[in-house]
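Novice: Sharing a model that was predicted from the sequence below.
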Amino acid sequence: QFLGFDEPIPPFATARGSEILKGVNYASGSAGILDKSGINLGDRISMNRQLINHGIAISRIAGLLGSTTIKDYLSKCLYTINIGSNDYLNNYLMPRLYPTSLLFTPDRFAEVLIQQYSRQLTVSLTICS
């Protein structure tokens with residue numbers, strides 16, 4: 001509502017046809033930057049899978065608008081990403097289920113997350129260009 005949308009942005013899994021032009025929500029509870037984060041909680045869509053879904057959405061948009069206008073269209077899109085807490089809550093801080101805290105100091109784990117997230121954003125930028 002704050003951004004002026006008449007209705008919520010649909011999840012990727014249910015967005016159909018031209019509805020995708022209004023925006024897509026790729027979010028998934030328990031997801032993390034690392035694919036294994038949150039696996040103990042069941043099904044979730046990791047950041048890597050969300051980026052694959054984003055590529056699929058871009059292909060669908062290009063099919064609707066034509067590839068010549070896709071770059072201009074995407075340059076006007078607003079992206080928000082909120083991810084990483086589950087890599088701590090449902091991975092690093094659960095030594096009985098994940099060995100991560102035994103393998104990495106807190107600082108080194110933060111570096112691992114930053115490196116992976118940086119790679120993911122680079123891939124995302126490549127998909128959009």
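Specialist: Nice, thanks for sending it over. Numbering: from 1, shown residues only.
Novice: Please name every helix or strand in contact with the one helix or strand in the chain whose mean pLDDT sits lowest.
Specialist: Lowest by mean pLDDT, DSSP states H and E among the helices and strands of the chain is helix 67-74, with a mean of 84. Judged by 3 or more Cβ pairs under 8 Å, 6 or more residues apart in numbering; DSSP states H and E, helix 67-74 is in contact with helix 47-65. The C-beta positions use only the backbone N, C-alpha and C, and glycine is treated the same way.
Novice: hmm, back to that, quick check: mean pLDDT of the helix or strand that the least confident helix or strand of the chain is followed by?
Specialist: Next along the chain after helix 67-74, taking DSSP states H and E as the criterion, comes helix 85-87. Average pLDDT, helix 85-87: 96.
Novice: For helix 85-87, report the contacting residues that lie outside it.
Specialist: Residues outside helix 85-87 that contact it (Cβ atoms under 8 Å, 6 or more residues apart in numbering) are 30, 31, 32, 33, 34, 37, 38, 113.
Novice: any idea which of those residues is closest to residue 66?
Specialist: Closest approach to residue 66 among those (Cβ to Cβ): residue 31, at 32.1 Å.
Novice: Spatially nearest residue to that closest one, not counting backbone neighbours?
Specialist: Among residues not flanking residue 31 along the chain, residue 44 sits closest, at 4.7 Å (Cβ to Cβ, 6 or more residues apart in numbering).
Novice: helix, strand or coil for that neighbour?
Specialist: Following DSSP: H, G, I helix; E, B strand; the rest coil, the label given to residue 44 is coil.
Novice: Next one: it relative to residue 104, how far apart?
Specialist: From residue 44 over to residue 104 the distance is 22 Å, taken as Cβ to Cβ, to the nearest Å.
Novice: May I have the residues that are in contact with residue 23?
Specialist: Neighbouring residues of residue 23 by Cβ under 8 Å, 6+ apart: 5, 9, 10, 77.
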